[in-house]
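Participant: Structure, please.
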Amino acid sequence: EVQLVESGGGSVQSGGSLRLSCAASGFTVSTHCMGWFRQAPGKEREGVADFDGGGSSSYADSVKGRFTISRDNAKNTLYLQMDSLKPEDTAMYHCAVDLRCRGSADFWGKGTLVTISP
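Facilitator: Residues are numbered from 1 along each chain as shown. Got it, this is the predicted structure:
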């Protein structure tokens, strides 16, 4: 059974850092397309960062240079290091996996809340 469990969210001031974790089970993070998404109140969900089938990472323009996606194969966990946080980064953050790399997520975690104060 595929499961994704996020953690690491919290409340920090603008300019601070957080590291989100997504513990995966039922598949291997190192060999699948995975990504982080976020949804702010009243806004549509947006992609933040992801790994494609070849292991290359990509980022939304709004987070380039501030966020870093990584994964620990031994822990089967996906991470999102977030630095220089801004109030507009406030959102619920979810990880997701696209088991066949078809461009659509198959499974989602429940999310972890990130709140950035000015």
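Participant: who touches the most centrally placed residue in the chain in this structure?
Facilitator: Residue closest to the mean C-alpha point of the chain, counted by CA atoms, centre = their mean, is Trp36 at 2.6 Å. Residues counted as contacts of Trp36 (CB atoms under 8 Å, 6 or more residues apart in numbering) are 20, 22, 47-50, 69, 78, 80, 93-96. (Each C-beta comes from the backbone N, C-alpha and C, glycine too.)
Participant: One more: Ala23?
Facilitator: Going by CB under 8 Å, 6+ apart, Ala23 touches 4-5, 7, 75-77.
Participant: distance of Arg71 from Glu44?
Facilitator: Arg71 is 26 Å from Glu44, where distance means CB to CB, to the nearest Å.
Participant: Contacts for stretch 85-95, please.
Facilitator: The contact list for stretch 85-95, computed with CB under 8 Å, 6+ apart, reads 4, 6, 9, 12, 14-18, 20, 22, 24, 34-40, 43, 45, 48, 62-63, 66, 78, 80, 82, 108-118.
Participant: Among those residues, which are located in strands?
Facilitator: Among the contacts of stretch 85-95, DSSP state E puts 4, 6, 12, 18, 20, 22, 24, 34-39, 48, 78, 80, 82, 108, 112-117 in strands.
Participant: So for Phe107, what's the nearest residue that isn't a sequence neighbour?
Facilitator: Counting by CB to CB, 6 or more residues apart in numbering, the nearest residue to Phe107 once its immediate chain neighbours are dropped is Val2, at 4.6 Å.
Participant: any weak-confidence spans in this protein?
Facilitator: The chain contains no residues with pLDDT under 70.
Participant: which SS class is Thr68?
Facilitator: Three-state assignment for Thr68 (DSSP: H, G, I helix; E, B strand; the rest coil): strand.
Participant: Looks like it contacts Ser84 (just checking).
Facilitator: No. Between Thr68 and Ser84 there is no contact under CB atoms under 8 Å: 11.5 Å.
Participant: for Gly47, what are its contacts?
Facilitator: Gly47 neighbours (CB under 8 Å, 6+ apart): 35-37, 60.
Participant: Please tell me I have it right and the residue nearest to Phe107 contacts Thr28.
Facilitator: No. In this structure Val2 lies outside contact range of Thr28 using CB under 8 Å: 11.0 Å.
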